[in-house]
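[1] Mind looking at a prediction? Sequence and model below.
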Amino acid sequence: MDRWDPKFLSFNKSFRFEFKSCKLKSILREKPFYGANGPGIERISKEQARYIRITDIDEYGLLSNELGATCIISNDKYLLQNNDLLIARSGNTVGKSYIHTNSNPIDKFIFAGYLINFRINEDFAFPKFVFYYLQCSFFSDWKNATMRLAGQPNINAQEYKNMLIPLPDKNTQKLIIEIMDDAYLQKKEMEQQAESLLSNVNQYFLSRLGVKISLVDDTALKDRIFSIDSLKVIGGRFDPKKYSKKYQQLFNAIENAIFDKVRLRDMIKVSLSGNWGVDESFDDESLVKCLTIRGTEFDNRYNLLLDNNRAKYRKYSPELFDKIKLRSNDILIEKSGGSENQPVGRVAFIDSELEKEALAYSNFLQKIRIDEEIAIPEYVFEYLKLMHNIKVTEVMQTQTNGIRNLILKEYFNQTIILPDKDIQKEIVAHIRDIREQAKRLEEEAENIVKDAKKQVEEILLGDVL
């Protein structure tokens, strides 16, 4: 049965292109089908099939470079073929798409149940043309008009099959593919340049502090066997990783740095856990409404990402908000969360720009305020970020029920290498400059893709050719 809701009908009425249009189902070579419902499990090596989930795909339809997860399946129909087109069917990421173009036939990929597989008949359309159409604003408009918002947003396979798409001749399709391929290639190259800049931050920081790290490769059995003085264990944690050769070398390298050293706990003026408050819909005019930071907003490469549609507003009593509100130079520490390949203990910094908005933070985070007579707060933030990046915090955590928890006592007891303030300022300025360069490259890469999409949309509308 056709849909009668006004928003959907209004969109279809406005659907006008230079080229003839057809329903997606008319260019499929078989019926679309949903992915596997098995749980994702840790993927040890690339020899295992990769389990593609919605979270593995970015807003451009590109697959993350991480090792990802795998899944045990008994049906080979979930194995992806080249040019398979996956589209997300539900949740906040409904409409997100991915085209599978694996060049190595030995590698295996399977896809999860919240994705639908559409196999395009290449007699009518190039699969990549359809994929690139899904990246344009036309598809975004159709998605917003079509998805059902009752409960979880969703678009089912039947609705996708009935989606109208413009179908230019093959030469025009090739032109569109060339335009978008070139833009995506430039984007990739510029992002690689940005990543190269960011990857040098750790090495620069360690070198500037005079910390030389040559870690033991503890994959070999002989390097995983060690002994430790019982006096170092009694009264502490009986944890092999903490006392391993690899981490003892790391801690020794930090302690042997030429600059002064201070325990983190000795430079903290304020340390306070966060609070999740009450829902923003709670009707009480006496409450303070503010953006509440969670670990979700922590950006591992830069700092905080607060301009996304997942950011949450919560409400607090004036007394509680006054206690936990954030101000410039505060540092936030992730004390619960993490993942298999990411230790808990990420950090974020509240700079003067962020302070312009009323901010609080959730109970999974800890706020610390540094004594500025002892150290520059941004330097301490960068230092703690460095320690997380080189996985010092990996031995300062426990894990229960799949959630990692930071052992704050050990975290606050860690050594902070503390050169004089002129050197602290120099380090902070240099790292800030690197991140700004990387950010500019990424923004330029995004603009290249935006311009390419605009060009493609003009072709489809008949404005150019």
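    In hand now; what should we look at?
[2] Buried ones in stretch 280-292, by neighbour count?
    For stretch 280-292, a neighbour-count test (16 or more other CB atoms under 10 Å) marks 287-288, 290-292 as buried. C-beta coordinates here come from the backbone N, C-alpha and C atoms, glycine included.
[3] Leu197 contacts Gln437, correct?
    Yes: applying CB atoms under 8 Å as the test, Leu197 and Gln437 come out as touching, 5.6 Å apart.
[4] Name the spans of the stretch 301-450 of the chain whose pLDDT lies under the cut-off.
    Low-confidence segments of the stretch 301-450 of the chain, defined by pLDDT under 70: 308-310, 338-342, 399-402.
[5] where do the strands sit along it?
    Per DSSP state E, counting those that start in this stretch, the stretch 301-450 of the chain carries strands over the ranges 312-316, 331-334, 336-337, 347-349, 359-361, 365-370, 397-400, 403-406, 415-418.
[6] contacts for the fifth one?
    Contact partners of strand 359-361, identified using CB atoms under 8 Å, 6 or more residues apart in numbering, comprise 274-275, 277, 290-294, 314, 316, 321, 324-326, 332, 350, 367.
[7] Give me the sheet partners of that strand and which way each runs.
    Each strand paired with strand 359-361, and its direction, by DSSP bridges: strand 288-293 (parallel).
[8] Over to the first one?
    Each strand paired with strand 312-316, and its direction, by DSSP bridges: strand 278-279 (antiparallel), strand 288-293 (antiparallel).
[9] can you tell me how far the nearest residue to Asp182 once chain neighbours are set aside sits from Ala125?
    Distances taken as CB to CB, 6 or more residues apart in numbering put Ala452 closest to Asp182, at 7.3 Å, once the chain neighbours are dropped. Distance of Ala452 to Ala125, given as CB to CB, to the nearest Å: 19 Å.
[10] what's the answer for Ile427, then?
    Counting by CB to CB, the gap from Ile427 to Ala125 is 54 Å.
[11] And for Lys96?
    Noted for Lys96: a distance of 20 Å to Ala125, by CB to CB.
[12] before we move on, back to that, looking at the strands paired with strand 312-316, spot the one closest to Ile258.
    Distance to Ile258, taken as CB to CB, is lowest for strand 288-293 among the strands paired with strand 312-316, at 36.2 Å.
[13] Off-centre distance for that closest one?
    How far strand 288-293 lies from its chain's middle: 22 Å, per CA atoms, centre = their mean, to the nearest Å.
[14] again, but for stretch 200-209
    In this view, stretch 200-209 has its centroid 24 Å away from the chain centroid, taken as CA atoms, centre = their mean.
[15] And the contacts of it?
    With contacts defined as CB under 8 Å, 6+ apart, stretch 200-209 is touched by 212-213, 257, 259, 382-383, 386, 389-390, 417, 419, 423, 426-427, 430-431, 434-435.
[16] Kindly report the same for stretch 290-302.
    Here stretch 290-302 has contacts from 198, 274, 276-277, 304-306, 308, 310-316, 321, 325-326, 332, 334, 336-337, 342, 346-348, 357-362, 364-365, 435, 438-439, using CB under 8 Å, 6+ apart.
[17] So how do I select the buried members of the residues you listed in PyMOL?
    To isolate the buried ones among the contacts of stretch 290-302 in PyMOL, judged by 16+ other CB under 10 Å, type:
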select buried, resi 198+274+277+304+314+315+316+321+325+326+332+334+336+337+342+346+347+348+359+360+361+362+364+365+435+438
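[18] where does the stretch 51-200 of the chain dip in pLDDT?
    Residues of the stretch 51-200 of the chain that meet the cut-off, pLDDT under 70, sit at 103, 149-151.
[19] Which residue ranges of it form helices?
    Applying DSSP state H, counting those that start in this stretch to the stretch 51-200 of the chain gives helices spanning 127-133, 137-146, 157-161, 170-209.
[20] Mind checking the ones you listed for the one nearest to Lys246?
    So among the helices of the stretch 51-200 of the chain, helix 170-209 is nearest, using CB to CB, at 15.9 Å.
[21] Show me what counts as buried in the closest one.
    For helix 170-209, burial by neighbour count (16+ other CB under 10 Å) applies to 172-173, 175-177, 179-180, 183-184, 187, 190-191, 193-194, 197-198, 201, 205-206, 208-209.
[22] can you name the two of the buried residues of stretch 280-292 that are farthest apart?
    Leu287 and Leu291 (14.3 Å).
[23] show me what contacts Phe282?
    Phe282 neighbours (CB under 8 Å, 6+ apart): Lys315.
[24] Wasn't it part of a helix?
    No: under the criterion used here (DSSP: H, G, I helix; E, B strand; the rest coil), Phe282 is coil, not part of a helix.
[25] Not counting sequence-adjacent ones, nearest residue to Ile99?
    Phe131 (4.1 Å).
[26] residues near the one you found, how many?
    Phe131: 23 surrounding residues under other CB atoms under 10 Å.
[27] what does Glu66 give?
    By the criterion of other CB under 10 Å, Glu66 has 10 neighbours.
[28] how far away is it from Lys143?
    Per CB to CB, Glu66 is found 26 Å from Lys143.
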